[in-house]
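*Asks:* Next one to model:
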Amino acid sequence: MKSTIKKKLLTTLKNVEFLVDQNKKIPPKQILTLPLGKLDNPITTGRELLSYLEEHFNTKRYDFRKRGRGSRPRGYVSDLPIDMAEKVAIYSNEKSRIAKLEQEFYDKQRSRWQVYNAVFELNKRLKDHAERFENDFVIREKQKKKGEK
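*Replies:* Residues are numbered from 1 along each chain as shown. Here you go, the predicted model:
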């Protein structure tokens, strides 16, 4: 269900309307949302905390990686498996499709504002002209020829 707001503009240019889409599918920017009520099971270890946080990560917007840290047994040069780690580092990256969606949304919003501003300025100038020169011209919608869309 798309919700739109119709903003009627101008008295001189009566056929100009802006339809603004309010329903964007861009997830919020917070990394996680934690409930502040009582917990069902008290958290007593770091592993329990890690699994609890994983339940509340914002995975619609971010990708998360867990990397094990601590003293390394022989054979592990880079990251440790979580089972063998003393500590865990959590990294997050914004998903590229979300960044692209957000950029498209902001570009559309900027373009919409520029058009709105241009129409507002035009209307202001038309009113000023009409007041100064006693309505010496009229703006009408151009009639479509037969066969035109």
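*Asks:* What does the closest residue in space to residue 71 that isn't next to it in sequence show for phi and psi?
*Replies:* What sits nearest to residue 71 in space, not counting adjacent residues and going by C-beta to C-beta, 6 or more residues apart in numbering, is residue 86, at 6.8 Å. C-beta: built from backbone N, CA, C; applies to glycine. As for residue 86, its main-chain torsions (degrees, to the nearest 10) stand at phi -90, psi -30.
*Asks:* so who does residue 86 touch?
*Replies:* Contacts for residue 86 were tallied using C-beta atoms under 8 Å, 6 or more residues apart in numbering; they are 69-71.
*Asks:* Count the neighbours of residue 144 for me.
*Replies:* The burial count assigned to residue 144 is 8, neighbours taken as other C-beta atoms under 10 Å.
*Asks:* for this protein, which spans come out with low pLDDT?
*Replies:* Within the chain, the ranges that satisfy pLDDT under 70 run 1-24, 74-77, 137-141, 149.
*Asks:* which residues in it form strands?
*Replies:* Here the chain has its strands, by DSSP state E, at 4-8, 17-21, 62-69, 87-94.
*Asks:* List the buried residues of the third one.
*Replies:* By 16 or more other C-beta atoms under 10 Å, the buried positions in strand 62-69 come out as 62, 68.
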